[in-house]
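Colleague: have a look; sequence and predicted model below, questions after that.
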Amino acid sequence: MSFTVRRVRADEWEKVRDLRLDAVRDPAAAIAFLHSYTAEAAHPDEFWQERTAGNAAGDSVAQFVAEAEGEWIGTVTVLRWRPGATDHHARAVLEARGDVVGVYVRPGHRGAGTVDALLDAAAEWVRAFGDPALTLDVHVDNARAQGAYRRAGFVDTGLRFTGVIGPELEMRRALD
Ligand SMILES: CC(C)(COP(=O)(O)OP(=O)(O)OC[C@H]1O[C@@H](n2cnc3c(N)ncnc32)[C@H](O)[C@@H]1OP(=O)(O)O)[C@@H](O)C(=O)NCCC(=O)NCCS
């Protein structure tokens, strides 16, 4: 099935919320997402409205979705970090980079290139600002996600840390 990838619009907060609530109920959620279904489902509408407005505009964060016949089938979000900042794992940022988070493709659409197109959209967005790399953190046991990231040009940086979901490794894709 063909699909298109684009940035979310501010008025699409209900679709952003619904896709996220499906993602955090995925069987792999415990090794994929920092927040639980219970925590995400407790947010009021205003939370999703503000988040979606932030993800739809500006140069700090962007959320991309893959859409097939009107259905949202996958998503990635990119957070841009500048040197001197502290990232979402409370680490000092030494190099400008875009951090990919919230990666999800609906089960019926996996293995069909959706995640590659979403990651390409993230890379293009970050590259346009001149940032040299995309990075992401992935649970050591999330073999499927690691496989998809390797195919999309990410390499293991060797960094290991324990975050709220357990042991994770960092991967990086240089942008030129
Ligand atoms: C992670 C995710 C976005 C990847 O998208 P996808 O469409 O499933 O990915 P693909 O099937 O195209 O690619 C997975 C790769 O890993 C490989 N793979 C699949 N299962 C695997 C396993 N158990 N062990 C090792 N490799 C595996 C596949 O062969 C493929 O690699 P290849 O193309 O070189 O053969 C999707 O599976 C998903 O949404 N998962 C649940 C949420 C999640 O884990 N998000 C990531 C958080 S970091």
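Modeller: Received, thanks.

Colleague: and Ala29, how many neighbours does it have?
Modeller: 17 (other C-beta atoms under 10 Å). In short, each C-beta sits where N, CA and C put it, glycine included.

Colleague: ok and the residue in the chain nearest the ligand?
Modeller: Gly147 (2.1 Å; C-beta to the nearest ligand atom).

Colleague: how about that residue, secondary structure?
Modeller: Assigned with DSSP: H, G, I helix; E, B strand; the rest coil, Gly147 falls in the helix class.

Colleague: can you name the residues of the chain that neighbour the ligand?
Modeller: Residues of the chain found near the ligand (C-beta under 6 Å from any ligand atom) are 26, 28, 32, 103-105, 110-111, 114-115, 138, 142-145, 147-148, 151.

Colleague: let's go with 8 Å and repeat that
Modeller: Residues of the chain lying close to the ligand (C-beta under 8 Å from any ligand atom) are 23, 26-29, 31-33, 74, 102-107, 109-116, 136-139, 142-151.

Colleague: so which of these belong to strands?
Modeller: Counting by DSSP state E, the part of the residues of the chain next to the ligand found in strands is Gly74, Gly102, Val103, Tyr104, Val105, Leu136, Asp137, Val138, His139.

Colleague: specify the local secondary structure of the residue nearest to Asp45 when sequence neighbours are not counted.
Modeller: Leaving aside its chain neighbours, Asp45 sits nearest to Trp13 (7.4 Å; criterion: C-beta to C-beta, 6 or more residues apart in numbering). Of the three states, Trp13 takes helix according to three-state DSSP.

Colleague: repeat that for the one 4 residues further on.
Modeller: Reduced to three states with three-state DSSP, the structure at Arg17 is helix.

Colleague: for the nearest residue to it once chain neighbours are set aside, what are phi and psi?
Modeller: Leaving aside its sequence neighbours, Arg17 sits nearest to Trp48 (C-beta to C-beta, 6+ apart; 4.2 Å). Note on Trp48: backbone dihedrals following degrees, to the nearest 10 are phi -70, psi -30.

Colleague: point to the residue nearest the middle of the protein.
Modeller: A centroid search over the chain (C-alpha atoms, centre = their mean) returns Val101, at 2.8 Å, as the residue closest to the centre.

Colleague: could you list every helix and strand in contact with the lengthiest helix in the chain?
Modeller: Across the chain, the longest stretch assigned as helix under DSSP state H is helix 114-127. Contacts defined by 3 or more C-beta pairs under 8 Å, 6 or more residues apart in numbering; DSSP states H and E place helix 114-127 against strand 4-7, strand 61-68, strand 71-81, strand 97-105, strand 133-139, helix 143-151.

Colleague: mind doing that once more with 6 Å?
Modeller: strand 4-7, strand 61-68, strand 71-81, strand 97-105 (3 or more C-beta pairs under 6 Å, 6 or more residues apart in numbering; DSSP states H and E).
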